[in-house]
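Enquirer: task: produce atomic coordinates for the following.
(chains A and B)
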Amino acid sequence: MKRTNLSFILKGSLKVENENEILFSNLKLNINYNKWTSIIGQSGSGKSTLLKIIAGIEIPKVFENTITCSPKNYSFSWMAQNDLLLPWASAIENITLGQRLRKEKLDINKAHILLEKVGLKNAAKKLPSTLSGGMRQRVALARTIMEDKDIILMDEPFSALDSITRSAIQKLTWKLLKDKTVIMVTHDPLEALLLSNNLYYISKEKLKPINLPISKPFRKINDDNLLYSHKHILNKLQKSYIS
Amino acid sequence: MKVILNYIFSLIIFILLWWLVQYITNSPSYILPSPYEVFLSIRDNYLLLLDHSLITFFEILLGFILGILFGMYTGILLIISKSMRKWMLPFIILTQAIPIFAIAPILTLWVGYGIWSKIIMTTLIIYFPITIAFYDGLKRIDPMIINLAKMMGASTYSMLIKIRIPFALPQLTSGLKLAAAFAPMGAVIGEWVGASKGLGYLMLYASGRVQIDLMFSSIIILAFFTILLYNLVSFISNYITRWDPKSHIK
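Expert: Numbering: from 1, shown residues only, chains lettered A, B, ... in the order given. The predicted model follows:
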């Protein structure tokens, strides 16, 4: 029988160098395959660093980190607030970056199809500097899909966008990645409510689950249950911030 | 075209100022020759000047290319190896701490009076700006891009060629422009210390025989070549960093 969930076990602790307060220690993050799991927390709660530890990438030197994360045998792709596009490469070259780095045969056809899916059919040869923030994030989304890794990690991928663009890109991202395994960190409770199948928040060094409305994502923004949950999450976050 | 017009305009201003200073101070031609006298000197001695210029231009170009290669190689070593950063950086700074005038006679003694001592001088003088500019560029990259490339399965080599070096190009081109302006200095200092050919040698020769117009001719040809080299480097730099217009000097 195919497994449907996975647990990341993080042993050890993480704190900011020369500060006493521990950000988190000995965590367990349960995720479901082919579902979106979100982690919410205010700025400085260490949520982006948590994502980096899961991915096994170097974290900034300002942290004292004793965490070891298991399991490690998964491949990840990364989508961040900063689109991380190469400024000298065209949209299509950015989408095929992974293949070029691995010296694989380029699947230009697939790249063009993805570019069309993200609504940038005519931008294949354009440089990132000639694209708007929303368009750049669409290219980053196409690059993420192109990689087709086990788990997609998203570090506040929509927070640099204006509200109209953000809403459009959130819908598009959901449409294209709804059947993928995604772990997203965000500071925006509404975003988490719209997109998540599972939701956690960081409080007192631990990850705590939050109940979500019964409806399935992508949720409607005028859903009464969603608005109630939004208020509930804000209260929780405020309490954890005060304590 | 606009660049050429700008240079012609600057040249006219320069010649006017030169002529004005010469006219006001009423200097004899063995102190400050007039622009016209220098023009006549270039016309009369063009074969001699061409002969010496070609040597100096060759020294500058070869020294320039070697300096770029060594500088870029060192920049890459510094970025990929922690121990290299520890050991090489003080050494690189040392190469700048010793005045180039002090090294010139020793180089001539070791390598001889031929062109190689001048090529090495040119290489040495531009090695530092190239290395530091390139290393700085390689270092500035957003670490998340490196992480992204690692997640994509990039090898150290493909990361260097496809990510790190292109990212460092705007900084490298700043170093290249500095180097283009410094390189002729290295070759000329080398020729002053000991040579039998080249524009530096010709300057000393002409100065010793009070042929100040010939000396000025050599200086002007050297300046012309420096401007040419700078603009060529600038043109190539702007082309390879066409995605980053902020780094262009206009």
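Enquirer: distance check, the closest residue to residue B:125 other than its chain neighbours against chain A.
Expert: With CB to CB, 6 or more residues apart in numbering or on different chains as the criterion, residue B:125 has its nearest non-adjacent residue at 3.6 Å, and that residue is residue B:186. To be clear about C-beta, it is placed using only N, CA and C from the backbone, and glycine gets the same treatment. Distance from residue B:186 to chain A, counting by CB to the nearest CB, to the nearest Å: 32 Å.
Enquirer: who's in contact with residue B:186?
Expert: B:60, B:63, B:100, B:118, B:121-126 (CB atoms under 8 Å, 6 or more residues apart in numbering or on different chains).
Enquirer: let's see it at 10 Å
Expert: Going by CB atoms under 10 Å, 6 or more residues apart in numbering or on different chains, residue B:186 touches B:59-60, B:63-64, B:67, B:100, B:104, B:118-127, B:179.
Enquirer: any chance you could map the helices in chain B?
Expert: B:2-25, B:35-44, B:46-80, B:82-97, B:100-111, B:115-139, B:143-151, B:156-159, B:165-193, B:199-208, B:212-240 (DSSP state H).
Enquirer: list the buried residues in whichever strand or helix holds residue A:141.
Expert: Residue A:141 is located in helix A:133-147, with elements delineated by DSSP states H and E. By neighbour count on 16 or more other CB atoms under 10 Å in any protein chain shown, the buried set for helix A:133-147 is A:134-147.
Enquirer: so which of the residues you listed reach chain B?
Expert: Counting by CB under 10 Å from any CB of the partner chain, A:140, A:143-144, A:146-147 from the buried residues of helix A:133-147 sit close to chain B.
Enquirer: closest one of those residues to chain B?
Expert: Closest approach to chain B among these (CB to the nearest CB): residue A:147, at 6.5 Å.
Enquirer: distance check, the closest one against residue B:32.
Expert: The gap separating residue A:147 from residue B:32 is 69 Å, by CB to CB, to the nearest Å.
Enquirer: those residues of chain B touching chain A, which are they?
Expert: Residues of chain B lying near chain A by CB under 10 Å from any CB: B:142-155, B:157-159, B:161-163, B:166-167, B:169-170, B:240-246.
Enquirer: return the member of the ones next to chain B among the buried residues of helix A:133-147 nearest to residue A:164.
Expert: Nearest to residue A:164 among those: residue A:140, at 18.5 Å, using CB to CB.
Enquirer: related to what we said a few turns ago, let's have the buried residues of helix A:133-147 in JSON lines, adding pLDDT and distance to residue B:202.
Expert: JSON lines is the format used below for the buried residues of helix A:133-147 (pLDDT from 0 to 100; distance: CB to CB, whole Å):
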{"residue": "A:134", "pLDDT": "93", "distance to residue B:202": "63"}
{"residue": "A:135", "pLDDT": "95", "distance to residue B:202": "59"}
{"residue": "A:136", "pLDDT": "96", "distance to residue B:202": "56"}
{"residue": "A:137", "pLDDT": "95", "distance to residue B:202": "61"}
{"residue": "A:138", "pLDDT": "95", "distance to residue B:202": "62"}
{"residue": "A:139", "pLDDT": "97", "distance to residue B:202": "58"}
{"residue": "A:140", "pLDDT": "96", "distance to residue B:202": "59"}
{"residue": "A:141", "pLDDT": "95", "distance to residue B:202": "64"}
{"residue": "A:142", "pLDDT": "96", "distance to residue B:202": "62"}
{"residue": "A:143", "pLDDT": "97", "distance to residue B:202": "59"}
{"residue": "A:144", "pLDDT": "96", "distance to residue B:202": "63"}
{"residue": "A:145", "pLDDT": "94", "distance to residue B:202": "66"}
{"residue": "A:146", "pLDDT": "96", "distance to residue B:202": "62"}
{"residue": "A:147", "pLDDT": "94", "distance to residue B:202": "62"}
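Enquirer: quick check, nearest of the residues you listed to residue A:81?
Expert: residue A:137 (9.0 Å).
Enquirer: any idea how far the closest one is from residue A:124?
Expert: Relative to residue A:124, and taking CB to CB, residue A:137 is found at 17 Å.
Enquirer: could you pull up the mean pLDDT of stretch A:210-224?
Expert: Averaged across stretch A:210-224, pLDDT comes to 87.
Enquirer: just the buried positions in it, please.
Expert: Neighbour-count burial for stretch A:210-224, counted by 16+ other CB under 10 Å, picks out A:210, A:212-213, A:217, A:219, A:223.
Enquirer: also stretch A:74-91?
Expert: Residues A:76-86, A:88-91 are the ones in stretch A:74-91 that count as buried (16+ other CB under 10 Å).
Enquirer: also near chain B: which of the residues you listed, exactly?
Expert: Counting by CB under 10 Å from any CB, A:76-82, A:84-86, A:88-90 from the buried residues of stretch A:74-91 sit close to chain B.
Enquirer: and which of the residues you listed is nearest residue A:43?
Expert: For those, the nearest to residue A:43 is residue A:81 (11.9 Å; CB to CB).
Enquirer: what residues are up against that closest one?
Expert: A:48, A:137, A:154-161, A:186, B:144.
Enquirer: hmm, 7 Å instead?
Expert: The neighbours of residue A:81, taking CB atoms under 7 Å, 6 or more residues apart in numbering or on different chains as the test, are A:155-157, A:159-160.
Enquirer: name the helices or strands packed onto whichever strand or helix holds residue A:51?
Expert: Element membership for residue A:51, per DSSP H and E: helix A:47-55. Contacts defined by 3 or more CB pairs under 7 Å, 6 or more residues apart in numbering or on different chains; DSSP states H and E place helix A:47-55 against strand A:5-16, strand A:151-155, strand A:181-186.
Enquirer: buried sites along that helix?
Expert: Quick answer for helix A:47-55 (16+ other CB under 10 Å): A:47-55.
Enquirer: quick one: neighbours of residue 35, just the number.
Expert: Defaulting to chain A. Residue A:35: 18 surrounding residues under other CB atoms under 10 Å in any protein chain shown.
Enquirer: switch to chain B, that's the one I care about
Expert: 16.
Enquirer: that one touches residue B:20, doesn't it?
Expert: No: with contact defined as CB atoms under 7 Å, residue B:35 does not count as touching residue B:20 (10.4 Å).
Enquirer: anything in contact with each of the two?
Expert: With contacts defined as CB under 7 Å, 6+ apart, no residue is shared by residue B:35 and residue B:20.
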